[in-house]
Each structure stands twice: as structure tokens, then as C-alpha cells.
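Chemist: fold the following and give me the result.
(one chain, ligands or ions: 1)
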Amino acid sequence: MIFKDIWLDIKAVQERDPAARSALEVFLLYQGIHALIWHRFAHWFWRHKMYFIARLISQIARFFTLVEIHPGAQLGRGILIDHGCGVVIGETAVVGDNCTIYQGVTLGGVGTQKGKRHPTLGNNVMVGAGAKILGAFEVGDNCSIAANAVLLKPLEDNVTAVGIPARPVKKDGVTIPKVKKSATIEEYQALKEQVRRMEEQIRRLETLLAEKEKEETTP
Ligand SMILES: CC(C)(COP(=O)(O)OP(=O)(O)OC[C@H]1O[C@@H](n2cnc3c(N)ncnc32)[C@H](O)[C@@H]1OP(=O)(O)O)[C@@H](O)C(=O)NCCC(=O)NCCS
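Modeler: Numbering: from 1, shown residues only. A predicted model of the protein is given here:
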């Protein structure tokens with residue numbers, strides 16, 4: 001089972017990293033793969049309640065790969081951790097099948113509470129370089145989280161989210177129209193100028209009206 005998972009991870013790199021040449025090269029030279037191999041064994045020990053050995057393996061893995069995956073994290077099949085360096089995956093995180101995780105990604109929590117506190121990713125999710133997904137919520141299948149985004153809320157299936165905090169910009173590949181929330185300083189200044197001109201016109205009209213009334217009332 002563990003060996004099958006490792007083989008599927010290697011295949012995932014070959015399929016999704018254009019720079020990968022052979023399975024042997026991926027096995028020997030990819031630190032993302034090394035991190036996953038260490039994790040598959042650490043997770044086995046964790047599931048069998050040998051927590052110290054599990055943590056020890058994960059810390060050794062962190063030393064050699066710069067990828068920190070808590071042994072309690074549940075990772076699906078065909079995961080690609082590309083470049084790897086700086087990836088942190090928390091204890092209660094769940095990663096679905098065929099997900100791609102780039103360097104600098106954190107699947108983390110936002111507080112110190114115990115229990116489920118890390119995100120659950122569906123299948124075929126892509127998490128861009130440096131993105132942070134923080135909290136115990138679900139990210140649907142086929143979602144893409146942009147590089148450097150900070151995602152704090154759940155996402156439905158097939159959504160692309162960008163920015164800090166991350167907001168959906170595409171659903172099923174179609175751009176979501178932007179909702180303008182507040183005016184910019186320039187727009188505010190233009191509005192102020194428009195009001196000033198309207199006040200001036202009203203004053204002039206009032207003066208004209210007053211003169212007209214005066215003319216009409218004088219015999
Ligand atoms: C999020 C991502 C998948 C979007 O891909 P896409 O579906 O082709 O989307 P688009 O390029 O059409 O971008 C949609 C909108 O999101 C914005 N956007 C895209 N990536 C963004 C990012 N990382 N941060 C902020 N905004 C981003 C675009 O500017 C565009 O905004 P606009 O509609 O106002 O012009 C891609 O930009 C990304 O970040 N991929 C991660 C890749 C990565 O980490 N590679 C590491 C290799 S080492």
C-alpha cells in the first residue's frame with residue numbers, strides 16, 4: 001500500500017512537472033518525493049499510535065527536505081509537492097488525490113484550539129507558491145489557489161481564488177464579475193467637485209428666480 005502510494009506520487013511528478021525526465025531521476029532527486037516517502041511511513045506509525053517514532057521520522061524528513069508534514073496529516077494519492085522547500089502541512093489537514101502543492105505553501109490553523117483546525121482539500125486542487133490556507137474548512141475539487149493567496153474561507157468545486165484575503169475570481173473556468181465595494185480617492189474627489197458645481201448652479205438659479213419674482217411684483 002505504502003509502496004503503491006509512493007509509485008503514484010512519482011508518476012504524478014512525471015505527469016505534472018514538465019522538467020521531470022525519468023522515474024529514477026524523480027525518485028532520487030526530488031525532495032518533494034522524499035518528503036512524501038518519509039511521510040507515508042510516518043503516517044503509518046501515527047495510525048498505529050506510535051506517535052514518537054512518527055514525529056521523529058517527520059522531523060528527520062523536515063531536516064533533509066525542508067518540508068514539514070505532520071505525521072497525522074492525511075494525504076491522498078498522486079500528490080505533487082513541487083520544489084518543496086518551505087511547505088508546512090498541519091496535523092489535521094487532509095489533502096485529496098492528485099493535488100499539486102508548490103513551495104512555501106502552508107496548510108495551517110488559525111488558533112491554539114485542539115481538534116480539527118486545518119483545511120481539507122478536495123481532489124485535483126492546485127495550491128500556488130507561497131499560498132496559505134488557514135482554518136478548518138473545505139476546499140472543493142479542482143480548485144486553484146493563486147500564488148501568495150491567503151485563503152480563509154471554504155471554496156466550492158472548480159473555483160480559482162486569488163489575493164489576500166483570497167476571493168473567487170473564476171468558477172468553472174468563467175470569470176466572476178467584480179463587485180465594486182467602495183469609491184477610490186479619485187472618484188471621491190470627482191464626486192465632490194460635481195457637487196460643488198451643482199451647488200453653484202443652484203445658487204445662480206436661486207438668484208435668477210429671486211430677480212424674476214422681484215421684476216414681476218414691481219409695478
Ligand atoms: C491562480 C492562477 C492559477 C490563475 O490562473 P488562470 O485561471 O489562468 O487565471 P488568470 O491568469 O486569468 O487570472 C484571473 C485573475 O486573477 C489574477 N491573478 C492571477 N494570479 C494571481 C496571483 N497570484 N495573485 C493575485 N492575483 C492573481 C489575474 O490578474 C486576473 O485578474 P483580472 O481578472 O483582474 O485581470 C495562477 O495565476 C497562479 O497563481 N498559479 C500558481 C502557479 C505557481 O505557483 N507556480 C509556481 C511555479 S514554481
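Chemist: okay, CA-based contacts and neighbour counts for the rest of this
Modeler: Will do.
Chemist: count the neighbours of Phe63 for me.
Modeler: 11 (other CA atoms under 10 Å).
Chemist: per-residue pLDDT of it, please?
Modeler: On the pLDDT scale, Phe63 is placed at 96.
Chemist: Gln189 too?
Modeler: Residue-level pLDDT assigned to Gln189 equals 94.
Chemist: buried sites along the top helix by length along the chain?
Modeler: The helix spanning the most residues in the chain, taking DSSP state H as the definition, is helix 185-217. By 16 or more other CA atoms under 10 Å, helix 185-217 has no buried positions at all.
Chemist: contact residues of this structure facing the ligand?
Modeler: Contact residues, the chain versus the ligand (CA under 6 Å from any ligand atom): 102, 128-129, 144-148, 162-163, 169.
Chemist: change it to 5 Å
Modeler: Proximity of the chain to the ligand, by CA under 5 Å from any ligand atom, involves residues 128-129, 146-147, 162-163.
Chemist: which one of the residues you listed is nearest Gln189?
Modeler: Set against Gln189, the nearest of the residues of the chain next to the ligand by CA to CA is Gly163 (27.3 Å).
Chemist: the residue nearest to that closest one when sequence neighbours are not counted: how many residues sit nearby?
Modeler: The shortest distance from Gly163 to any non-neighbouring residue, by CA to CA, 6 or more residues apart in numbering, is to Ala149 (4.6 Å). By other CA under 10 Å, 22 other residues sit near Ala149.
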